[in-house]
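Peer 1: Only the shape, not the letters, is given here:
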């Protein structure tokens, strides 16, 4: 099977995607497309690589509250990098940020979520467990709202991406 046409299509599509300028001093940015189950990595605004990902739920709605297993949408930044005993590495995002809090408060105000709901935190990008990479291949959403790449791929992202890297999550 010849993968060159597929790679060309991905490169063409990625060239049409506009990204925000990366954090000062970092050439990288990320766009996570929930509907396509992809994490696209850009360097200096140019598409560099695409990684398959899974989330917490097949429901592609924006995160509403703690415990809903939904992945938040919006513009975030990587705020912390650490190794993790189960998932290899963890790239923490600045969720909830100001925009997330505003949407959360509006949902409470309109009754879309219970008044007792909490917004939650701890959303990030991490790997699968070492012998569970099939979860990504089979689109098995298993996280609590985080973005999961394969265990064998998270180290590459961890080593490459500095704290402050912009991450946009969209439907």
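Peer 2: Yep, it's here. Here the structure is a predicted model, which means the values were calculated and not measured.

Peer 1: C-alpha from now on. contacts and neighbour counts both.
Peer 2: OK.

Peer 1: Need the pLDDT of residue 85.
Peer 2: Note on residue 85: pLDDT of 89.

Peer 1: Identify the residues contacting it.
Peer 2: Shown in contact with residue 85 (C-alpha atoms under 8 Å, 6 or more residues apart in numbering): no residues.

Peer 1: That one and residue 126, how far apart?
Peer 2: 11 Å (C-alpha to C-alpha, to the nearest Å).

Peer 1: for the residue most central in space within the chain, what are its contacts?
Peer 2: Using C-alpha atoms, centre = their mean, the residue of the chain that lies closest to the mean C-alpha position is residue 147, 4.5 Å off. Listed by C-alpha under 8 Å, 6+ apart, the contact set of residue 147 reads 53-56, 71, 123-126.

Peer 1: Spell out which two among those are the most distant pair, please.
Peer 2: 53 and 123 (14.3 Å; C-alpha to C-alpha).

Peer 1: returning to that earlier point: I'd like the contacts of residue 147 as TSV, with pLDDT, neighbour count and distance to residue 166 appended.
Peer 2: TSV is the format used below for the contacts of residue 147 (pLDDT from 0 to 100; neighbours: other C-alpha atoms under 10 Å; distance: C-alpha to C-alpha, whole Å):
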residue	pLDDT	neighbour count	distance to residue 166
53	98	27	17
54	98	29	19
55	97	25	19
56	94	19	21
71	98	28	16
123	97	20	14
124	98	22	12
125	98	25	12
126	97	29	16
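
Peer 1: Need those residues in JSON lines (columns: secondary structure and distance to residue 155).
Peer 2: As requested, the contacts of residue 147 are exported to JSON lines (DSSP: H, G, I helix; E, B strand; the rest coil; distance: C-alpha to C-alpha, whole Å):
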{"residue": "53", "secondary structure": "coil", "distance to residue 155": "14"}
{"residue": "54", "secondary structure": "strand", "distance to residue 155": "17"}
{"residue": "55", "secondary structure": "coil", "distance to residue 155": "18"}
{"residue": "56", "secondary structure": "coil", "distance to residue 155": "21"}
{"residue": "71", "secondary structure": "coil", "distance to residue 155": "22"}
{"residue": "123", "secondary structure": "coil", "distance to residue 155": "18"}
{"residue": "124", "secondary structure": "strand", "distance to residue 155": "14"}
{"residue": "125", "secondary structure": "strand", "distance to residue 155": "11"}
{"residue": "126", "secondary structure": "strand", "distance to residue 155": "9"}
